[in-house]
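Trainee: Starting from these lines, generate the structure:
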Amino acid sequence: MHDPVMYAVPFFLLLLVIEWAAARKLAHDEQRAPAGAYSRPDAWASISMGLVSIGTSGVLNFVALLAYAALYAYVAPWQLPANAWYTWVIAIVGVDLMYYLYHRIAHRVRLIWATHQAHHSSQYFNFATALRQKWNISGDVFLRAVLPLLGVPPWIVFASFSINLIYQFWIHTERIGKLWAPVEFIFNTPSHHRVHHGMDQQYLDKNYGGIFIVWDRLFGTFQPETARPHYGLTKQVDTYNIWKLQTYEYVAILRDVRGATRWRDKFGYAFGPPGWAPARVADAGRVRDSAAELPA
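Mentor: As a prediction, this is how the structure comes out:
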């Protein structure tokens, strides 16, 4: 079994170089940083995280392959034929639905957000950002197990997930505007994904889909792009150290959990949404913010 993503990597890099060169040319002509601009240290941080993720994902996917094979062979009530077109449809659509569910959970459960936040940590939005991948894919692996449990051959599950990842590369750009309306209605596009990476209040926790945006339309998490987003985290992590970018939120969770005196607060800090705080702490923060806004 060969991972299709590995064959796509040269094309990823080629498109990245073309976009980077175009951004530099536009910046020179316009004497300003255009949409889709690159920062060299930011881009190299993204590329480095992508390279490390190849190794970490390979280990976890190998373990998952063994588990999926056992589920498919011994637990699944039936086994779908690998040469049937409908098996591929079920796999591709099923993987995308599982991706939507995982992605939504990752934005709403802080401990899982810790695995995902590194992908959102760039304040730029370009093809390099697409390579800024997480190193812990355990959440994806766990939810995708539903498919071999329902009889989808494990290798087709992995191939479908690779197709999903390859598709998502091209939507990480500001160089493509809105597309034909039917395409925008069904599929995830650069416009929809720019919203997902936006830190603006109206864009937070929206547009989770991978290939299809219809899940967001069905489940109430869709938001159209109405203005150019500001990218990154609501509390920016201003570093290009890839280890810190990957582990920052784990450290913050540990600090908050250790500082909490009640078990319910410890649980909330770990499994509540990002930014969660006990009511008394949140109220105190609002009071401080209000006091800071008062005239001297």
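
Trainee: any low-confidence regions in the protein?
Mentor: For the chain, applying pLDDT under 70 flags the ranges 1-2, 25-36, 280-296.

Trainee: Output the longest helix belonging to it.
Mentor: In the chain, assigned by DSSP state H, the helix with the most residues is helix 40-70.

Trainee: Remind me what that helix packs against, helices and strands.
Mentor: Contacts defined by 3 or more C-beta pairs under 8 Å, 6 or more residues apart in numbering; DSSP states H and E place helix 40-70 against helix 4-30, helix 127-130, helix 138-144, helix 154-169, helix 242-259. (C-beta placed from N, C-alpha, C; glycine too.)

Trainee: now the first one, how far from the centre of its chain.
Mentor: Okay, so that is helix 4-30. 20 Å (C-alpha atoms, centre = their mean, to the nearest Å).

Trainee: which secondary structure elements does it contact?
Mentor: The elements that helix 4-30 packs onto, with contact taken as 3+ C-beta pairs under 8 Å, 6+ apart, are helix 40-70, helix 127-130, helix 154-169.

Trainee: What is the burial count for Ile112?
Mentor: The tally of other residues near Ile112 (other C-beta atoms under 10 Å) stands at 19.

Trainee: Helix or strand for it, just tell me which one.
Mentor: Using DSSP states H and E, Ile112 falls within helix 110-116.

Trainee: re the thing from before, could you dump the helices and strands packed on helix 40-70 into JSON lines with distance to Ile47 and mean neighbour count added?
Mentor: Listed next are those as JSON lines, based on distance: least, C-beta to C-beta, whole Å; neighbours: other C-beta atoms under 10 Å:
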{"stretch": "helix 4-30", "distance to Ile47": "8", "mean neighbour count": "14"}
{"stretch": "helix 127-130", "distance to Ile47": "6", "mean neighbour count": "24"}
{"stretch": "helix 138-144", "distance to Ile47": "21", "mean neighbour count": "19"}
{"stretch": "helix 154-169", "distance to Ile47": "13", "mean neighbour count": "20"}
{"stretch": "helix 242-259", "distance to Ile47": "10", "mean neighbour count": "16"}
